[in-house]
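> compute the structure for the input listed below.
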Amino acid sequence: MMQHIDVSSMLHQAVACDLYSNLVTRPTGAAVRAQIQALVGAVPDRSLTVIDFTHVQMIDFSCADEVVAKLLLPYSHGEAADDSYFIFRGLTEDHWDAVEAVLERHGLALLVEECGGAAPRGVLSPEARAAWEAVRALGAASVDAVAARLEVSRERAASALATLRQQRLVMCAEGMYRMVAAARG
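Numbers count the residues shown, from 1 in each chain. Okay, here's the model as predicted:
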């Protein structure tokens, strides 16, 4: 299942004001994250959630920590048992300073929707990044196919793919790794 969450709408609900489009203060960020988590948690099966910042003018560091890092941490650390994936849409350079800082501080990576599809941003080892590119090029790939493409051992490929899976940058079903992708809309 795919769902779209407009962060601006969550923000308007949290501050009860339709004119406010700046994501600032830790309490506001925590309130927005709680709303997002409730929507994500309501989906029983594998899900892809597009977190859309298109209509958010500004995000400060505390809100980036609350809305982005604290949303992703349970998944990337294996604390969340469900099969949820995320793509972030509408992040601008104005947003990126704060988002990048919290990703680095927490050692996280995420998928950002760009013109050519989703791309990983944040903290990602060169091996994991190469494995991500291999899966993207292959479309769907086994550990052996990624190892062959990268000319590395099966163990190194498996480790890189496990990292990508843990960070929710690729999906794995029946031994095949696939891209996390969203339809524009």
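> please identify the buried residues of stretch 32-40?
By neighbour count on 16 or more other CB atoms under 10 Å, the buried set for stretch 32-40 is 32-33, 35-36, 40. For glycine as for every other residue, the C-beta is placed from the backbone atoms N, C-alpha and C.
> M58: neighbour count?
Summarising burial for M58: neighbours were counted as other CB atoms under 10 Å, giving 13.
> and the nearest residue to it once chain neighbours are set aside, how many neighbours?
Counting by CB to CB, 6 or more residues apart in numbering, M58 lies nearest to N22, which is 4.3 Å off, once chain neighbours are set aside. Taking other CB under 10 Å as the criterion, the count of residues near N22 is 14.
> phi and psi next, for N22.
For N22, the backbone dihedrals are phi -110, psi 130 (criterion: degrees, to the nearest 10).
> quick check: it vs G90, distance?
Taking CB to CB, to the nearest Å as the measure, N22 and G90 are separated by 14 Å.
> how about P120?
P120 sits at a distance of 17 Å from G90 (criterion: CB to CB).
> the two - which one has more neighbours?
The residue with more neighbours, out of P120 and G90, is P120; 20 against 17, by other CB under 10 Å.
> test my guess that the residue nearest to M58 contacts Q57.
Yes. Checked against CB atoms under 8 Å, the pair N22 and Q57 is within contact range at 5.5 Å.
> secondary structure element for P74?
Here P74 sits within helix 70-76, counting by DSSP states H and E.
> that helix packs against which elements?
In terms of contacts (3 or more CB pairs under 8 Å, 6 or more residues apart in numbering; DSSP states H and E), helix 70-76 is packed against helix 26-41, strand 84-89.
> which one of the buried residues of stretch 32-40 sits closest to V102?
Nearest to V102 out of the buried residues of stretch 32-40 is R33 (CB to CB; 12.2 Å).
> give the contact list for that closest one.
For R33, the contacting residues are 66-67, 70-71, by CB atoms under 8 Å, 6 or more residues apart in numbering.
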